[in-house]
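>>> Provided below for reference: sequence and predicted model.
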Amino acid sequence: MSACVPTHAPDSSPPRAESEHQPHSPPGGPRRFRVAGADVSASIAVFLIALPLSLGIALATGAPLQAGLVAAAVGGIVAGRLGGSPLQVSGPAAGLTVVTADLIHQYGWRTTCAITVLAGLAQLGLAQLRVARSALAVSPAIVHGMLAGIGVTIAVAQLHIVLGGTPQSAVLDNVRALPAQLAQLHPAAVSMSALTLALLFAWPRLPGPVGRRLRSVPAALVAVAGATAAAALAGLSLPKVELPSWRSHALAGLPEGPVLGLVAAVLTTTLVCSVQSLLGAVAMDKLAAGRTDVRRSDLDRELRGQGAANVVSGALGGLPIAGVAVRSTANVRAGAVSRNSTMLHGVWVVAAALLLVPALELIPLASLAALVMAVGLQMVSLHHIRTVTRHREVLVYAATTLGVVLLGVLEGVAIGIAVAVGVALHRLTRTRIAHEEKDGVHHVHVRGQLTFLAVPRLSRALHQVPQGAETVVELDGSFMDHAAYESLQDWQHAHRARGGSVEITGRAGTRIAEPAGTSAAGCRCRPWTAWRNHQCAAPAPSPAGGPAEEPAEKPSGHQLARGISVFQANTAPLVRHELARLAREGQQPSQLFLTCADSRLVTSMITSSGPGDLFVVRNVGNLVPRPGEESADDSVAAAIEYAVEVLKVRSITVCGHSGCGAMQALLTTDPQGSQTPLKRWLRHGLPSLERATDKGRPWARIAGREPADAVEHLCLTNVIQQLTHLRAHECVERALREGSLELHGMYFHVGEAQAYLLKEDAPDSGVFDRVAGTTGAGQAAGAVLHDTRV
């Protein structure tokens with residue numbers, strides 16, 4: 001990614017005259033504090049999620065319930081104001097539940113508050129050392145394994161409260177006590193827990209336009225409020241939330257306990273709070289990558305803000321604080337534009353804690369336990385398990401998860417790190433060396449990293465080559481240490497001195513001494529080089545010594561054959577393993593990408609996707625014929641049905657582009673003229689033309705400007721119209737109603753090499769926003785295409 005914009009840099013400009021005002025400030029006085037309307041609405045949405053979750057997490061830890069409200073308020077106000085991630089929302093996090101519960105069990109509540117203060121001070125010290133980015137070096141398999149272990153521990157403990165009992169302090173004790181608990185069910189608690197879970201999972205799936213509007217209310221709030229209302233109306237006798245007077249609220253005390261134990265507790269709290277917050281900040285950057293009104297996160301400042309928030313929260317008797325993914329995601333999706341939304345949500349929590357105590361004390365504890373249990377189960381992500389399996393790190397993930405569940409968070413993370421180091425060493429030392437002879441040429445294949453440990457086997461294989469033989473040594477690895485290099489060089493010199501030949505190549509078959517992508521013929525062409533300009537052979541000098549003569553253009557058949565040959569030599573060795581996996585498992589794309597057949601649109605390039613990522617449908621004009629109309633085209637409908645019903649894609653993107661020949665033909669062709677196959681096909685674009693020429697509709701806008709001409713306006717309008725046609729297909733309409741499918745519009749400007757995405761919250765407005773460039777893959781469609789890399 002591009003370098004972070006410096007925040008709060010000192011102003012080195014000369015002082016201004018008193019009469020000179022800052023831009024946009026009212027004359028005669030300082031600039032007034034203003035809050036955008038988007039921040040106000042986003043803060044309310046986040047507050048409605050944070051209120052029940054904060055109480056539930058406090059219940060799960062065994063802390064006073066007010067501690068959850070204190071942490072939510074401090075996380076919003078202090079971390080929101082001082083942190084470096086403007087859209088991240090901090091507060092009591094589910095990932096800290098197990099750590100905090102263990103601390104309360106061992107040391108009591110007042111000492112736990114003191115440990116929170118000390119962890120905050122440790123975070124402030126780490127921020128001063130500017131080591132925040134080093135936390136990102138932790139393997140994702142360890143982080144996800146840690147969260148999964150915490151989630152399992154939370155779910156097992158809260159299951160006892162859901163069933164009407166009381167959880168034990170250890171996971172194994174909770175598991176052993178489950179049979180007895182199942183034999184003594186509390187019907188009222190079970191019924192309220194079941195109602196909470198039913199509302200929690202059914203609410204986001206409400207169908208139709210009415211359901212879409214209702215889904216704007218957070219499911220967590222609806223679930224807890226519904227269970228509370230049902231319990232009150234039925235007059236059920238259940239344990240409920242108890243919020244003692246704030247005058248008796250316990251604050252932090254001096255830490256009591258063994259020094260080594262307290263140090264380990266502080267380190268554990270610091271580790272979990274810091275890693276979760278920093279990874280959350282990076283995730284928020286990715287989520288808001290396409291927005292130009294939001295600054296990227298300053299991770300050292302974020303760590304400083306989290307440390308300050310933990311100091312304040314611990315001192316005031318609150319839970320430990322970290323960035324919370326659920327609230328942060330809701331904040332971004334609700335349209336927040338600055339840190340004001342996070343701070344306002346903290347203000348609303350303070351107001352609720354002071355004014356809504358009677359209403360909060362009606363909430364059944366079983367409902368809060370069911371809510372937290374669901375959060376714990378969601379922390380065991382199947383997506384993360386598939387990802388670590390694909391990267392062959394499932395052993396690290398499993399070891400970390402089991403370690404956290406059976407031993408504790410710090411011990412589980414330590415086990416995960418040890419296993420990760422062991423796996424890395426195993427990969428480093430796992431080198432396969434083979435020798436074979438083909439057509440008189442001896443081949444020595446080296447697979448893996450070539451270190452001093454593999455030198456004996458390498459030497460043994462090289463000495464199997466007869467003197468004076470033609471030899472090719474293929475090195476398929478990314479590392480060679482000095483011992484292996486010297487051994488190979490010594491043998492190479494000795495073999496050549498005895499009349500033999502040696503060629504050392506990389507995995508793609510190119511010589512190590514040559515630049516990558518440069519063949520012996522001097523071809524320096526890249527994979528996207530246009531064939532019509534593709535001249536691989538060096539130009540022949542003219543007889544008169546003048547400029548070189550350009551070779552005559554070769555037949556297209558030769559160009560195609562040469563392209564295939566280059567693929568087999570250079571690309572096939574790199575993707576063969578992945579394609580073999582896809583051949584075994586079958587295709588499982590998550591997106592259907594419907595675009596134009598224009599040769600300038602290379603879908604894999606503009607979406608940074610690879611084999612198995614996209615199910616692509618291309619036709620002239622990226623048209624989607626409406627179902628049931630005369631001369632409808634079944635090939636497009638069949639592809640849509642196959643993608644939605646069989647492949648179960650999660651999103652469909654319709655991508656138009658600048659300078660589309662089909663749109664130009666629509667503008668200039670007489671629809672009543674002679675009907676050719678092309679003209680009959682373009683009839684499916686007539687609704688787009690009618691929409692574009694409707695004077696009652698405003699023109700589409702692209703990155704804040706109007707289209708350059710009528711063709712570009714029609715290209716943009718066509719994307720919107722084809723999305724409308726897409727919704728008319730029965731399978732698409734059903735999937736949208738069930739909430740299992742999303743539709744996206746995209747426009748690619750060929751001349752600018754720039755992608756634009758149709759604004760999702762108002763697709764009919766015709767507003768296309770520019771996609772900002774990001775480091776890594778997915779620049780053109782990073783906000784839409786969550787593709788799986790090779």
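Arrived safely, thanks for sending. Computed from a predicted structure; not experimentally measured. Numbering: from 1, shown residues only.

>>> Per-residue confidence at residue 23, what does it come out as?
Note for residue 23: predicted pLDDT of 37.

>>> go on, residue 363?
88.

>>> again with residue 536
According to the prediction, residue 536 has pLDDT 48.

>>> Then residue 346?
So residue 346 comes in at 91 (pLDDT).

>>> leaving aside the residues next to it on the chain, what's closest to it?
Nearest non-adjacent residue to residue 346, counting by CB to CB, 6 or more residues apart in numbering: residue 76, 2.3 Å away. The way it works is simple: take the backbone N, C-alpha and C, and place the C-beta from them, glycine included.

>>> Pretty sure the one you found sits against residue 342.
Yes: taking CB atoms under 8 Å as the definition, residue 76 is a contact partner of residue 342 at 5.4 Å.

>>> what touches both of the two?
Common neighbours of residue 76 and residue 342, using CB atoms under 8 Å, 6 or more residues apart in numbering, are 89-90.

>>> ok, back up a step: the residue nearest to residue 346 should be in a helix, yeah?
Yes: under DSSP: H, G, I helix; E, B strand; the rest coil, residue 76 falls within a helix.

>>> Tell me how many other residues crowd it.
Applying other CB atoms under 10 Å, we find 31 other residues in the vicinity of residue 76.

>>> Same check on residue 278?
Neighbour tally, residue 278, other CB under 10 Å: 27.

>>> number of nearby residues for residue 562?
15.

>>> what helix or strand does it sit in?
helix 556-566 (DSSP states H and E).

>>> ok, now residue 627?
Counting by DSSP H and E, residue 627 is part of no helix or strand.

>>> Number of residues surrounding it?
Applying other CB under 10 Å, we find 19 residues neighbouring residue 627.

>>> any idea of the mean pLDDT for stretch 690-701?
84.

>>> List the buried residues of it.
For stretch 690-701, the neighbour count (16 or more other CB atoms under 10 Å) marks 691-692, 700-701 as buried.

>>> So which of the residues you listed belong to strands?
residue 701 (DSSP state E).

>>> which one of the buried residues of stretch 690-701 is nearest residue 243?
Of all the buried residues of stretch 690-701, residue 243 sits closest to residue 701, with 50.3 Å by CB to CB.

>>> if I look at residue 394, how far off is residue 448?
20 Å (CB to CB, to the nearest Å).

>>> same check, this time on residue 362
Distance from residue 362 to residue 448, by CB to CB: 63 Å.

>>> the more surrounded of these two?
residue 448 (18 against 13).

>>> Now do the same for the residue nearest to residue 346: its pLDDT.
At residue 76, the pLDDT recorded in the model is 92.

>>> what do you get for residue 631?
Confidence score, pLDDT, at residue 631: 56.

>>> cool, residue 752 as well?
Residue 752 is given a pLDDT of 87.

>>> ok, now residue 408?
In the prediction, the pLDDT value recorded for residue 408 is 78.

>>> Okay, and the residue nearest to it when sequence neighbours are not counted sits in which element?
Spatially, and ignoring its direct neighbours in sequence, residue 408 is nearest to residue 102 (6.6 Å; CB to CB, 6+ apart). According to DSSP H and E, residue 102 maps onto helix 97-107.

>>> ok now that helix, how far from the chain's centre?
31 Å (CA atoms, centre = their mean, to the nearest Å).

>>> next one: stretch 453-471
46 Å.

>>> Stretch 122-129 too?
27 Å.

>>> what's that stretch in contact with?
Contacts for stretch 122-129 (CB under 8 Å, 6+ apart): 132, 266-267, 270, 273-274, 300-301, 303-304, 306-308, 310-311.

>>> which of those residues has the most neighbours?
Result: residue 306 is most packed of the contacts of stretch 122-129 (other CB under 10 Å), 38 neighbours.

>>> mean confidence score for the helix or strand harbouring it?
Element membership for residue 306, per DSSP H and E: helix 299-315. Helix 299-315 shows an average pLDDT of 93 in the prediction.

>>> In CSV, could you pull the C-alpha coordinates for it?
Extracted C-alpha coordinates of helix 299-315, given in CSV (Å, rounded to 0.1, in the frame of the first residue of the first chain):
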residue,chain,number,x,y,z
LEU,A,299,-0.9,1.3,13.9
ASP,A,300,1.4,2.8,16.5
ARG,A,301,-1.1,5.5,17.3
GLU,A,302,-3.8,2.8,17.5
LEU,A,303,-1.8,0.8,20.0
ARG,A,304,-1.3,4.0,22.0
GLY,A,305,-5.0,4.7,22.0
GLN,A,306,-5.8,1.2,23.1
GLY,A,307,-3.3,1.5,25.9
ALA,A,308,-4.8,4.7,27.2
ALA,A,309,-8.2,3.2,27.0
ASN,A,310,-7.2,0.2,29.1
VAL,A,311,-5.6,2.4,31.7
VAL,A,312,-8.8,4.4,32.0
SER,A,313,-11.1,1.4,31.9
GLY,A,314,-9.1,-0.5,34.5
ALA,A,315,-8.9,2.5,36.8
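
>>> Which strands border the helix or strand just after it, and is each parallel or antiparallel?
Per DSSP H and E, the first helix or strand lying C-terminal to helix 299-315 is strand 322-323. Neighbouring strands of strand 322-323 in its sheet, by DSSP bridges, are strand 90-91 (antiparallel).

>>> ok, and what's touching the partner strand?
50, 54, 71-72, 75-76, 79-80, 83, 277, 305-306, 309, 321-324, 327, 342.
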